Each structure stands twice: as structure tokens, then as C-alpha cells.
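Colleague: Can you look at this prediction? I've put the sequence above it.
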Amino acid sequence: MTAFMVRPVHNMATLADFLSILAIPIALSIYRLAGLFAERSRAAHESTLRETDKRDIKHAEAMTHTCRSVALGISRSSAISSPNVLILTQNLAITIGTVVTQHGHLLTKRGQRAAERARNAASLILESGNDCLAINASCMAQDLKILSNSVLSPDDESLVERRRRAAGADIPA
């Protein structure tokens with residue numbers, strides 16, 4: 001209507017031309033606004049994933065520390081009865097397996113190998129009973145020490161890249 005009053009538009013064809021010229025900046029501003037919303041959404045998703053990684057790191061460290069304490073107790077104590085040792089060892093194997101399956105992406109390769117060795121030591125204790133108990137439990141405790149020192153920090157590059165991929169930051173707009 002304003003264009004009719006100012007008189008640059010004389011008929012419907014010139015009105016259509018005039019509106020098509022205005023459509024380009026409007027489309028570009030909508031595209032830019034959508035890009036900003038997508039970037040904020042990705043950043044929020046990455047932040048949520050970082051918090052999840054922090055929580056999972058603390059959980060993995062706590063489980064590993066508990067397993068190591070139990071393994072040290074088994075290796076140093078001869079007062080624990082054989083059935084109790086087997087139950088404790090079975091729980092250790094399950095817990096170590098849980099750490100690896102649920103939080104394996106938070107471990108270094110060295111930590112994953114140490115977890116596998118600790119699980120194997122627990123299996124040897126279960127298979128052999130009290131034979132070589134102290135040696136296997138001691139080896140398991142050493143591997144669990146390595147495992148507890150092999151949990152990545154939330155700012156590790158592999159975790160940052162993993163979060164970026166999960167949030168879709170590597171997908172072009």
C-alpha cells in the first residue's frame with residue numbers, strides 16, 4: 001500500500017518485482033536466525049553431554065576405587081573365608097565389567113587393557129579358588145590402580161570431539 005502511495009509501483013507486475021527484491025533480505029535474515037538457533041541448540045546439547053561425562057567419570061572413579069579397596073583387602077587378609085572371597089571376587093568381576101561396558105569411552109587404551117587384566121585375574125581366582133589367591137588379588141589391585149589413573153578428564157580432546165559429533169556440530173548448516 002505504501003508503495004502505491006509513493007508511486008514507484010504502477011501496476012501489479014512492478015509490485016511483484018518490488019516484493020521479490022524485499023524477499024531476499026527477509027530470507028537471508030530468516031536463514032541467519034535459524035543458524036543462530038541451531039548453534040545455540042548444539043551448544044546446549046554439548047553442555048549437557050559434558051555434564052553427563054563429568055558424572056560418569058566420577059562414577060567410574062568411585063567404582064574403580066571401591067574395587068581396588070576390595071582387591072587389596074582380599075590380597076592382604078587371610079581371615080576371609082573361601083566362600084566370601086568367591087562372592088567378593090565375583091562382584092569385583094561384575095563391577096569391573098560394568099565400568100568397562102558403561103564407561104569404556106572414558107578410559108584410555110591403557111586403562112581398558114588394565115581393566116581386562118583385572119577381570120581376567122578375578123576369573124582366575126574364581127576358577128582356582130584359594131590357589132594363588134594373594135598373587136591374583138595383588139595383580140588385580142595393581143591393574144585397578146592403573147585403571148583408576150586412566151580415566152580421562154572431561155576436557156580431553158577425544159571426549160570433546162565425541163561430544164561435538166554427538167551434538168551434530170560437525171554437520172554443515
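Modeller: On my side now, so go ahead. Please read all numbers here as calculations on a predicted model, not as lab measurements.

Colleague: all contacts plus neighbour counts: C-alpha atoms, from now on.
Modeller: OK.

Colleague: what's near enough to touch the residue positioned nearest the centre of the chain?
Modeller: The chain has residue 53 as the residue nearest its centroid, 4.5 Å off, counting by CA atoms, centre = their mean. Shown in contact with residue 53 (CA atoms under 8 Å, 6 or more residues apart in numbering): 106, 154.

Colleague: which regions of the protein sit below the pLDDT cut-off?
Modeller: Scanning the chain with the threshold set as pLDDT under 70 gives 1-10, 77-80, 129-131, 169-173.

Colleague: what's the single longest helix in it?
Modeller: Counting residues, the longest helix found in the chain (DSSP state H) is helix 12-76.

Colleague: For the helix or strand just after that one, name the packing helices and strands.
Modeller: Toward the C-terminal end, the helix or strand that comes next after helix 12-76 (DSSP states H and E) is helix 82-103. If contacts are counted by 3 or more CA pairs under 8 Å, 6 or more residues apart in numbering; DSSP states H and E, helix 82-103 sits against helix 12-76, helix 109-128.

Colleague: Centre of the chain to the shortest one, how far?
Modeller: From the chain centre to the centre of helix 109-128 is a distance of 23 Å (CA atoms, centre = their mean, to the nearest Å).

Colleague: quick one: contacts of whichever helix or strand comes after it?
Modeller: Per DSSP H and E, helix 109-128 leads on to helix 133-148 as the next helix or strand towards the C-terminus. The contact list for helix 133-148, computed with CA under 8 Å, 6+ apart, reads 61, 64-65, 67-69, 71-72, 74-76, 107, 110-112, 114-115, 117-119, 121-122, 124-125.

Colleague: Please, a ChimeraX command that selects the buried ones among those?
Modeller: Buried residues within these, by 16 or more other CA atoms under 10 Å, are selected in ChimeraX with:
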select :61,64,65,67,68,71,72,74,75,107,111,112,114,115,117,118,119,121,122,124,125
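
Colleague: ok, the residue nearest to the centre of the chain to residue 103 distance?
Modeller: 9 Å (CA to CA, to the nearest Å).

Colleague: And residue 54, by the same measure?
Modeller: 11 Å.

Colleague: Residue 156 too?
Modeller: 15 Å.

Colleague: When the two are compared, which one has more neighbours?
Modeller: residue 103 (16 against 11; other CA atoms under 10 Å).

Colleague: Residue 74 contacts residue 84, doesn't it?
Modeller: No. The criterion here is CA atoms under 8 Å, and residue 74 misses it with residue 84 at 9.7 Å.

Colleague: With distance to residue 141 as extra columns, can I get the helices and strands packed on helix 82-103 in a markdown table?
Modeller: What follows is those, written out as a markdown table (distance: least, CA to CA, whole Å):
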| stretch | distance to residue 141 |
| --- | --- |
| helix 12-76 | 5 |
| helix 109-128 | 8 |
